[in-house]
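Peer 1: What follows is a predicted structure for the sequence shown.
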Amino acid sequence: MSKKLEDIHKRHTVIKSIISSQEIFNQTQLVKILKQNGIKVTQATLSRDLTELGVARIPTPRGAVYRINATGDEPTLRIHVAEEIVSIITNEALVVIKTFPGRAQGVAAFIDKSTFKESLGTLAGDDTIIVIPKSTKTIDKTVEQLKIILGIK
């Protein structure tokens, strides 16, 4: 196994351990705890890790906390992704997905990892994702497939 893959595996193991053993309310808190465990990670990398691990924010009486999807079941993750979507709008060339603040990168990663083949890629900010379709001629089909993948339809 390459050094990079070993580092990712170690980081994923530590993230799972932390999330399983305590309430983590946000990525800033998780970054600090990882740093205390000798792991420096950027927010973008952590967001990607959380998506890869099937981590979702689950509402609790004390606020939303991160939980690992125990079954690794994508439909369960899809339900949580659908809850992050505010709207999907299009023009003749692009699809724009609005999310709750801080959720766009996770949703975009979910789209990128899915079986969705109608786009060239996504670009995510804090609460907005731009989906670049393969063809502007099939923009309606692109939106319909996106809604299915995101669990909206």
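Peer 2: Sure thing, it's come through. Just so we're clear, the structure is a prediction, and the values are computed from it rather than from any experiment.

Peer 1: Let's see the pLDDT reported for the residue most central in space within the chain.
Peer 2: Taking C-alpha atoms, centre = their mean, the centroid of the chain lies closest to residue 106, which sits 2.1 Å from it. Listed pLDDT for residue 106 reads 83.

Peer 1: Contact partners for it?
Peer 2: Shown in contact with residue 106 (C-beta atoms under 8 Å, 6 or more residues apart in numbering): 47, 50, 51, 81, 84. Where C-beta positions appear, they are placed from N, C-alpha and C, glycine not excepted.

Peer 1: what's the neighbour count on the second one?
Peer 2: I take that to be residue 50. 23 (other C-beta atoms under 10 Å).

Peer 1: element containing it?
Peer 2: Residue 50 is part of helix 43-52 when elements are defined by DSSP states H and E.

Peer 1: Give me the contact list for that helix.
Peer 2: Contact with helix 43-52 is made by 8, 11-12, 15, 27, 30-31, 34, 41, 66, 105-106, 109-110, 113, as judged by C-beta under 8 Å, 6+ apart.

Peer 1: got any ranges where this protein has weak pLDDT?
Peer 2: Low-confidence segments of the chain, defined by pLDDT under 70, span residues 1-3, 69-80.

Peer 1: just the helices in it please.
Peer 2: Along the chain, the segments classed as helices by DSSP state H run 3-21, 27-36, 43-52, 74-84, 104-113, 139-149.
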